[in-house]
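In: sequence? don't have it. structure:
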(Lines give C-alpha, C1' and ligand atoms only; values in the text may rest on other atoms or scores of the structure.)
Protein backbone atom coordinates (compact mmCIF):
# COMPACT_ATOMS: atom_id res chain seq x y z
CA UNK A 1 0.00 0.00 0.00
CA UNK A 2 1.13 3.51 -0.76
CA UNK A 3 2.38 5.68 2.11
CA UNK A 4 2.07 8.88 0.08
CA UNK A 5 -1.06 11.03 0.40
CA UNK A 6 -3.59 10.13 -2.25
CA UNK A 7 -3.88 12.65 -5.11
CA UNK A 8 -7.43 11.49 -5.75
CA UNK A 9 -10.20 14.02 -5.27
CA UNK A 10 -13.21 12.03 -4.11
CA UNK A 11 -15.61 11.74 -1.16
CA UNK A 12 -14.27 10.07 1.96
CA UNK A 13 -16.35 6.92 1.50
CA UNK A 14 -14.90 6.44 -2.01
CA UNK A 15 -11.32 6.77 -0.78
CA UNK A 16 -12.04 4.35 2.05
CA UNK A 17 -13.57 1.84 -0.36
CA UNK A 18 -10.53 2.05 -2.65
CA UNK A 19 -8.20 1.43 0.29
CA UNK A 20 -10.21 -1.63 1.32
CA UNK A 21 -10.25 -3.03 -2.22
CA UNK A 22 -6.51 -2.58 -2.70
CA UNK A 23 -5.89 -4.25 0.66
CA UNK A 24 -8.12 -7.19 -0.30
CA UNK A 25 -6.30 -7.60 -3.60
CA UNK A 26 -2.90 -7.67 -1.90
CA UNK A 27 -4.13 -10.15 0.71
CA UNK A 28 -5.34 -12.50 -2.03
CA UNK A 29 -2.01 -12.36 -3.81
CA UNK A 30 -0.06 -12.86 -0.58
CA UNK A 31 -2.14 -15.95 0.17
CA UNK A 32 -1.15 -17.47 -3.15
CA UNK A 33 2.48 -16.38 -3.31
CA UNK A 34 5.04 -15.06 -0.86
CA UNK A 35 6.38 -12.74 -3.57
CA UNK A 36 4.56 -9.49 -4.14
CA UNK A 37 2.65 -9.29 -7.42
CA UNK A 38 4.18 -12.50 -8.74
CA UNK A 39 0.67 -13.93 -8.99
CA UNK A 40 -0.41 -11.32 -11.49
CA UNK A 41 2.71 -11.40 -13.65
CA UNK A 42 5.17 -14.27 -13.52
CA UNK A 43 2.78 -17.01 -12.44
CA UNK A 44 -0.03 -15.96 -14.77
CA UNK A 45 2.42 -15.64 -17.66
CA UNK A 46 3.61 -19.18 -16.99
CA UNK A 47 0.06 -20.51 -16.67
CA UNK A 48 -0.87 -18.88 -19.97
CA UNK A 49 1.80 -20.90 -21.72
CA UNK A 50 1.01 -24.19 -20.01
CA UNK A 51 -2.77 -23.94 -20.46
CA UNK A 52 -2.78 -22.66 -24.03
CA UNK A 53 -5.26 -24.78 -25.95
CA UNK A 54 -6.10 -26.99 -22.97
CA UNK A 55 -9.82 -26.45 -22.64
CA UNK A 56 -10.53 -28.19 -19.32
CA UNK A 57 -7.43 -26.85 -17.57
CA UNK A 58 -8.15 -23.35 -18.85
CA UNK A 59 -11.73 -23.60 -17.57
CA UNK A 60 -10.48 -24.67 -14.15
CA UNK A 61 -8.15 -21.69 -14.00
CA UNK A 62 -10.95 -19.33 -15.07
CA UNK A 63 -12.99 -20.66 -12.14
CA UNK A 64 -10.05 -20.07 -9.80
CA UNK A 65 -9.84 -16.46 -10.98
CA UNK A 66 -13.53 -15.66 -10.47
CA UNK A 67 -13.02 -14.28 -6.95
CA UNK A 68 -9.56 -12.75 -7.53
CA UNK A 69 -9.12 -8.98 -7.76
CA UNK A 70 -5.64 -8.79 -9.35
CA UNK A 71 -6.12 -5.04 -9.11
CA UNK A 72 -3.69 -2.54 -10.61
CA UNK A 73 -1.26 -1.40 -7.90
CA UNK A 74 -2.42 1.62 -5.94
CA UNK A 75 0.52 3.81 -6.95
CA UNK A 76 -0.07 2.95 -10.61
CA UNK A 77 -3.74 3.87 -10.21
CA UNK A 78 -2.68 7.21 -8.77
CA UNK A 79 -0.35 7.77 -11.73
CA UNK A 80 -3.07 7.01 -14.29
CA UNK A 81 -5.50 9.27 -12.44
CA UNK A 82 -2.97 12.10 -12.51
CA UNK A 83 -2.11 11.44 -16.16
CA UNK A 84 -5.74 11.69 -17.24
CA UNK A 85 -6.14 15.01 -15.46
CA UNK A 86 -2.84 16.30 -16.87
CA UNK A 87 -3.61 15.36 -20.46
CA UNK A 88 -7.32 16.16 -20.46
CA UNK A 89 -8.26 12.64 -21.50
CA UNK A 90 -11.98 11.86 -21.60
CA UNK A 91 -12.20 8.73 -23.76
CA UNK A 92 -10.40 5.87 -22.02
CA UNK A 93 -10.40 2.14 -22.78
CA UNK A 94 -9.61 -0.34 -20.02
CA UNK A 95 -8.75 -3.84 -21.21
CA UNK A 96 -9.08 -6.03 -18.15
CA UNK A 97 -11.55 -4.57 -15.66
CA UNK A 98 -11.94 -7.47 -13.20
CA UNK A 99 -13.78 -6.11 -10.14
CA UNK A 100 -13.44 -2.56 -11.43
CA UNK A 101 -11.00 -1.07 -8.91
CA UNK A 102 -8.82 0.77 -11.41
CA UNK A 103 -11.98 1.73 -13.33
CA UNK A 104 -13.02 3.87 -10.38
CA UNK A 105 -9.87 5.96 -10.77
CA UNK A 106 -10.37 6.25 -14.53
CA UNK A 107 -13.98 7.33 -14.14
CA UNK A 108 -13.25 9.84 -11.37
CA UNK A 109 -10.51 11.46 -13.43
CA UNK A 110 -12.40 11.58 -16.73
CA UNK A 111 -15.47 12.95 -14.94
CA UNK A 112 -13.36 15.73 -13.48
CA UNK A 113 -11.88 16.55 -16.90
CA UNK A 114 -15.34 16.62 -18.46
CA UNK A 115 -16.64 18.90 -15.72
CA UNK A 116 -13.70 21.27 -16.10
CA UNK A 117 -13.64 21.41 -19.91
CA UNK A 118 -17.18 20.71 -21.06
CA UNK A 119 -15.89 17.86 -23.22
CA UNK A 120 -17.75 14.58 -23.61
CA UNK A 121 -16.35 11.10 -23.18
CA UNK A 122 -16.57 7.78 -21.43
CA UNK A 123 -14.54 4.96 -19.90
CA UNK A 124 -15.02 1.76 -21.89
CA UNK A 125 -14.41 -1.12 -19.50
CA UNK A 126 -14.09 -4.75 -20.55
CA UNK A 127 -14.68 -7.91 -18.53
CA UNK A 128 -15.13 -11.49 -19.69
CA UNK A 129 -16.86 -12.84 -16.58
CA UNK A 130 -20.48 -11.71 -15.89
CA UNK A 131 -20.03 -12.42 -12.16
CA UNK A 132 -17.11 -10.01 -11.90
CA UNK A 133 -18.93 -7.44 -14.03
CA UNK A 134 -21.90 -7.48 -11.65
CA UNK A 135 -19.67 -6.92 -8.62
CA UNK A 136 -17.81 -4.11 -10.41
CA UNK A 137 -21.10 -2.37 -11.18
CA UNK A 138 -21.96 -2.50 -7.48
CA UNK A 139 -18.71 -0.78 -6.53
CA UNK A 140 -19.21 1.86 -9.23
CA UNK A 141 -22.72 2.60 -8.00
CA UNK A 142 -21.37 2.94 -4.46
CA UNK A 143 -18.86 5.50 -5.78
CA UNK A 144 -21.42 7.32 -7.93
CA UNK A 145 -19.43 6.90 -11.14
CA UNK A 146 -21.51 4.28 -12.96
CA UNK A 147 -22.80 6.83 -15.50
CA UNK A 148 -19.25 7.48 -16.66
CA UNK A 149 -18.53 3.82 -17.52
CA UNK A 150 -19.55 1.81 -20.58
CA UNK A 151 -19.03 -1.78 -19.41
CA UNK A 152 -18.73 -4.37 -22.17
CA UNK A 153 -19.04 -7.96 -21.00
CA UNK A 154 -17.65 -10.78 -23.12
CA UNK A 155 -14.69 -11.34 -25.43
CA UNK A 156 -13.00 -7.94 -25.60
CA UNK A 157 -11.66 -8.68 -29.09
CA UNK A 158 -15.32 -8.65 -30.15
CA UNK A 159 -16.77 -6.02 -27.79
CA UNK A 160 -14.12 -3.47 -28.80
CA UNK A 161 -14.71 -3.84 -32.53
CA UNK A 162 -17.62 -1.40 -32.78
CA UNK A 163 -18.88 1.84 -31.25
CA UNK A 164 -15.50 2.90 -29.94
CA UNK A 165 -14.80 6.66 -30.02
CA UNK A 166 -11.42 8.18 -30.72
CA UNK A 167 -9.44 7.14 -27.65
CA UNK A 168 -7.08 9.22 -25.53
CA UNK A 169 -5.75 6.37 -23.40
CA UNK A 170 -5.68 2.57 -23.44
CA UNK A 171 -4.88 0.62 -20.27
CA UNK A 172 -3.74 -2.97 -20.88
CA UNK A 173 -4.04 -4.97 -17.66
CA UNK A 174 -4.87 -8.38 -19.11
CA UNK A 175 -3.28 -11.74 -19.81
CA UNK A 176 -0.23 -11.06 -21.93
CA UNK A 177 -1.43 -13.31 -24.77
CA UNK A 178 -4.36 -10.93 -25.30
CA UNK A 179 -2.37 -7.70 -25.10
CA UNK A 180 -1.16 -7.39 -28.70
CA UNK A 181 -4.45 -8.54 -30.30
CA UNK A 182 -6.27 -6.00 -28.10
CA UNK A 183 -3.90 -3.20 -29.09
CA UNK A 184 -4.34 -4.03 -32.78
CA UNK A 185 -8.13 -4.03 -32.35
CA UNK A 186 -8.09 -0.58 -30.73
CA UNK A 187 -5.24 0.90 -32.78
CA UNK A 188 -7.44 2.48 -35.51
CA UNK A 189 -9.24 4.41 -32.77
CA UNK A 190 -6.17 5.83 -31.00
CA UNK A 191 -5.77 9.56 -31.53
CA UNK A 192 -2.42 11.11 -32.33
CA UNK A 193 -0.75 11.48 -28.93
CA UNK A 194 -2.82 8.78 -27.25
CA UNK A 195 -1.17 6.89 -24.40
CA UNK A 196 -1.02 3.10 -24.04
CA UNK A 197 -0.18 1.81 -20.55
CA UNK A 198 0.78 -1.84 -20.02
CA UNK A 199 1.22 -3.37 -16.57
CA UNK A 200 4.00 -5.74 -15.43
CA UNK A 201 6.24 -5.36 -18.46
CA UNK A 202 9.43 -6.04 -16.48
CA UNK A 203 8.37 -9.12 -14.52
CA UNK A 204 6.24 -10.32 -17.42
CA UNK A 205 8.68 -9.37 -20.18
CA UNK A 206 8.69 -12.85 -21.71
CA UNK A 207 4.91 -13.00 -21.93
CA UNK A 208 4.76 -9.49 -23.40
CA UNK A 209 7.55 -10.18 -25.90
CA UNK A 210 5.36 -9.80 -29.00
CA UNK A 211 3.58 -6.71 -27.69
CA UNK A 212 6.82 -4.97 -26.74
CA UNK A 213 8.38 -5.81 -30.11
CA UNK A 214 5.38 -4.22 -31.82
CA UNK A 215 5.43 -1.12 -29.63
CA UNK A 216 9.16 -0.65 -30.06
CA UNK A 217 9.20 -1.09 -33.83
CA UNK A 218 9.61 2.50 -35.14
CA UNK A 219 7.29 1.90 -38.09
CA UNK A 220 4.33 1.42 -35.73
CA UNK A 221 4.52 4.98 -34.43
CA UNK A 222 5.02 4.54 -30.69
CA UNK A 223 7.52 6.23 -28.37
CA UNK A 224 8.11 4.11 -25.28
CA UNK A 225 9.33 4.36 -21.72
CA UNK A 226 9.37 1.69 -19.02
CA UNK A 227 8.32 3.47 -15.86
CA UNK A 228 10.04 2.35 -12.63
CA UNK A 229 7.00 1.01 -10.82
CA UNK A 230 7.02 -2.44 -9.21
CA UNK A 231 7.28 -5.07 -11.97
CA UNK A 232 7.33 -2.34 -14.61
CA UNK A 233 4.70 -0.13 -16.21
CA UNK A 234 5.13 0.58 -19.90
CA UNK A 235 4.07 4.01 -21.18
CA UNK A 236 3.77 4.21 -24.97
CA UNK A 237 2.75 7.42 -26.76
CA UNK A 238 1.17 7.01 -30.20
CA UNK A 239 2.84 9.49 -32.53
CA UNK A 240 2.55 8.07 -36.05
CA UNK A 241 3.88 10.06 -38.98
CA UNK A 242 1.19 12.30 -40.38
CA UNK A 243 0.43 11.88 -44.08
CA UNK A 244 1.87 14.59 -46.29
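Out: It's in. None of the values given here were measured: they were computed from a predicted structure. Numbering: from 1, shown residues only.

In: how about residue 235, secondary structure?
Out: strand (DSSP: H, G, I helix; E, B strand; the rest coil).

In: which residues touch residue 180?
Out: Residue 180 makes contacts with 210-211, 214, as judged by CB atoms under 8 Å, 6 or more residues apart in numbering. From N, CA and C alone the C-beta is placed, and that goes for glycine too.

In: redo that, cut-off 10 Å
Out: 172, 208-215 (CB atoms under 10 Å, 6 or more residues apart in numbering).

In: likewise for residue 130?
Out: Residue 130 neighbours (CB under 10 Å, 6+ apart): 153-154.

In: count of residues packed around residue 227?
Out: 13 (other CB atoms under 10 Å).

In: coming back round to it: can you select the buried ones from the contacts of residue 180 in ChimeraX?
Out: Those of these that count as buried under 16 or more other CB atoms under 10 Å are selected in ChimeraX with:
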select :172,208,211,212,214,215
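
In: tell me the domain ranges of the chain?
Out: 12-65, 74-238 (automatic domain parsing).

In: put together JSON lines for those domains, with mean pLDDT and distance to residue 5 on each row.
Out: Below are those laid out as JSON lines (pLDDT from 0 to 100; distance: least, CB to CB, whole Å):
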{"stretch": "domain 12-65", "mean pLDDT": "64", "distance to residue 5": "11"}
{"stretch": "domain 74-238", "mean pLDDT": "97", "distance to residue 5": "10"}
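
In: buried deepest among those, which one?
Out: domain 74-238 (a mean of 19; mean count of other CB atoms under 10 Å).

In: centre of the chain to that domain, how far?
Out: 4 Å (CA atoms, centre = their mean, to the nearest Å).

In: mind listing the helices for the protein?
Out: Ranges of helices in the chain, per DSSP state H, are 12-32, 42-51, 55-65, 74-87, 101-117, 130-143, 156-159, 176-186, 209-215.

In: quick one: the ones you listed as TSV, columns for distance to residue 240 too.
Out: Compiled in TSV, these are given as follows (distance: least, CB to CB, whole Å):
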stretch	distance to residue 240
helix 12-32	35
helix 42-51	29
helix 55-65	35
helix 74-87	18
helix 101-117	24
helix 130-143	33
helix 156-159	22
helix 176-186	14
helix 209-215	12
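
In: format the domains of the chain as CSV; extra columns: distance to residue 6.
Out: Listed next are the domains of the chain as CSV, based on distance: least, CB to CB, whole Å:
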stretch, distance to residue 6
domain 12-65, 6
domain 74-238, 7
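
In: relative to residue 4, which of the ones you listed is closest?
Out: Closest of the domains of the chain to residue 4 is domain 74-238, at 7.6 Å (criterion: CB to CB).

In: can you get me the start-to-end distance on that closest one?
Out: Using CA to CA, to the nearest Å, one end of domain 74-238 lies 25 Å from the other.

In: now stretch 136-149
Out: 11 Å.

In: and what of stretch 145-161?
Out: End residues of stretch 145-161 are separated by 24 Å (CA to CA).
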